[in-house]
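Peer 1: sequence first, predicted coordinates after that:
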Protein chains: 2
Amino acid sequence: MSLLPKSIQNLINEFSKLPGIGPKSASRLVFYLLKQPDIDLGSFSKAVEDLKKGIIFCDTCHNMTEKNPCVICADNRRNRNLICVVEDPLDVLAMDQIDGFEGLFHVLGGVISPIDGVGPEDLKINELLQRLESKEPMEVVFATNPSLEGEATALYIAKLLKQPKFKHIKITRIGRGLPMGADLEYADEYTLSKALEGRREF
Amino acid sequence: MSLLPKSIQNLINEFSKLPGIGPKSASRLVFYLLKQPDIDLGSFSKAVEDLKKGIIFCDTCHNMTEKNPCVICADNRRNRNLICVVEDPLDVLAMDQIDGFEGLFHVLGGVISPIDGVGPEDLKINELLQRLESKEPMEVVFATNPSLEGEATALYIAKLLKQPKFKHIKITRIGRGLPMGADLEYADEYTLSKALEGRREF
């Protein structure tokens, strides 16, 4: 391995840290980049460097955004009485590209997972409860991933929402069009549409 | 898509340009990077920026290197009468990690491919001929990829080496342990070892 110039080995190591990229794929990517013009390398490097610049979290839905409130929360045409609860910003993208959903979102920032040391207090659960304390009738649709942790997290929050002070809230979750263990953000739009149609009360 | 902050969309676009990475995988990688500490992002960005810094080509074997001659060409314990001809620097890595090869390399820098506009003059073929003009008995092992272009390139060079002034040179190619259409750099060491053992004269 010492045969490779240090700068090449260096970038191979960096790529190998990414999920799903092994040392061979990493080499491939690096040798591909070596053939690209300097200006393309520069813009790639800058895109990595600037990744977190200007990114804040929306105070309402806790999605990543450039302005607060985010474009979704600021959009007056949306149904403010329908809130879809998801794990991650990528899930917002997945849900928002389907026809038939015009509500708002709430991004938990993960799932309850004792193995990874993530408890309810690490997620935006209290923020969700506060958001729901208005007396307007509302529907909360859970769209956590159909994994053990995603289900447990939805159940945990649904239980909290069974308190009398939340009795104006209808709790649903998206239908099980999704196979267990799959990832929400990889599902196709049709499956997601069906799942949304088939949502049912907890 | 306008839902995503610009810096995120930017890096997704950059990753999507890489071979084998589609928009969904690119999103995954970017959201993974978003969770990494700034210092890791910085070192990734720097590794991309510095990729080509200090890389030169060895005047003898035309491999990428940091010093000229490269570590392989400068290694006196190697058999200087055995030269393995490969397409790319990654192929040098693949061949060099097997036991049983102790010779030198010659990196062509690609293959003859009229469709891609690559002719013999674009490769380091003349440099190979010059290298072989010494009167020492020598063996040249072709280890181009077992693709149409790889085979054609090896045949083209082998024909040139049939000239009388190269009659001190033995021409071989690595055995067909490799399935046609595969890529040399992805082959396992055992297959490569077998292929080297089973090399035969053109």
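Peer 2: Structure received. What you see is a predicted model, and the numbers here were worked out from it, not measured in a lab.

Peer 1: ok, and does the helix or strand containing residue A:90 reach over to chain B?
Peer 2: Assigned by DSSP states H and E, residue A:90 falls within helix A:89-96. Yes - in terms of Cβ under 8 Å from any Cβ of the partner chain, part of helix A:89-96 sits within range of chain B, namely A:89, A:90, A:92, A:93, A:96. In short, each C-beta sits where N, CA and C put it, glycine included.

Peer 1: from residue A:85, how far out is residue A:167?
Peer 2: As judged by Cβ to Cβ, to the nearest Å, residue A:167 and residue A:85 stand 18 Å apart.

Peer 1: so the two - more neighbours on which side?
Peer 2: Taking neighbours as other Cβ atoms under 10 Å in any protein chain shown, residue A:167 and residue A:85 compare with residue A:85 leading, 24 against 10.

Peer 1: output the lowest mean pLDDT helix or strand found in chain A.
Peer 2: For chain A, using mean pLDDT, DSSP states H and E, the weakest element among its helices and strands is strand A:200-201, scoring a mean of 71.

Peer 1: can you tell me which residues contact the nearest residue to residue A:31 once chain neighbours are set aside?
Peer 2: Leaving out its chain neighbours, the residue that sits closest to residue A:31 by Cβ to Cβ, 6 or more residues apart in numbering or on different chains is residue B:90, at 5.7 Å. The neighbourhood of residue B:90, defined by Cβ atoms under 8 Å, 6 or more residues apart in numbering or on different chains, consists of A:27, A:28, A:31, B:185.

Peer 1: hang on, residue A:110 packs against residue A:118?
Peer 2: Yes - between residue A:110 and residue A:118 there is a contact at 5.6 Å, judged by Cβ atoms under 8 Å.

Peer 1: and the spatially most central residue of chain A, what does it touch?
Peer 2: Nearest residue to the geometric centre of chain A (Cα atoms, centre = their mean): residue A:88, 1.7 Å. Residues in contact with residue A:88 (Cβ under 8 Å, 6+ apart) are A:107, A:109, A:110, A:185, B:31.

Peer 1: helix A:89-96 and whichever strand or helix holds the last one, what's the angle between them?
Peer 2: To tie it back to what came earlier, the one meant is residue B:31. In the assignment (DSSP H and E), residue B:31 maps to helix B:23-34. Helix B:23-34 and helix A:89-96 meet at an angle of 150 degrees, taking axes from the mean of the first three to the mean of the last three Cα atoms, to 10 degrees as the criterion.

Peer 1: how far off centre is helix B:23-34?
Peer 2: Average the C-alpha atoms of helix B:23-34, do the same for its chain, and the two points are 29 Å apart (Cα atoms, centre = their mean, to the nearest Å).

Peer 1: residues near residue A:159, how many?
Peer 2: Residues near residue A:159, counting by other Cβ under 10 Å, number 11.

Peer 1: that one should be in a strand, yeah?
Peer 2: No - the secondary structure assignment for residue A:159 gives helix rather than a strand, going by DSSP: H, G, I helix; E, B strand; the rest coil.

Peer 1: got a list of what the nearest residue to residue A:168 once chain neighbours are set aside touches?
Peer 2: With Cβ to Cβ, 6+ apart as the criterion, residue A:168 has its nearest non-adjacent residue at 5.0 Å, and that residue is residue A:137. Going by Cβ under 8 Å, 6+ apart, residue A:137 touches A:81, A:168, A:169, A:170.

Peer 1: for the third one, give me the backbone phi and psi.
Peer 2: Main-chain dihedrals, residue A:169, degrees, to the nearest 10: phi -110, psi 130.

Peer 1: same deal with the second one?
Peer 2: Geometry field for residue A:168 lists phi and psi as phi -80, psi 0, criterion degrees, to the nearest 10.

Peer 1: okay, and for chain A, where does confidence drop off?
Peer 2: Within chain A, the segments meeting pLDDT under 70 span A:1-2, A:176-180, A:194, A:198, A:200.

Peer 1: again, only this time at 50
Peer 2: Per-residue confidence of chain A (counting by pLDDT under 50) places the weak regions at A:1.

Peer 1: let me see the domain layout of it.
Peer 2: Split into domains by automatic domain parsing, chain A comes to A:6-49, A:57-201.

Peer 1: ok, which of those domains comes nearest residue B:146?
Peer 2: Nearest to residue B:146 among the domains of chain A is domain A:6-49 (18.1 Å), distances taken as Cβ to Cβ.
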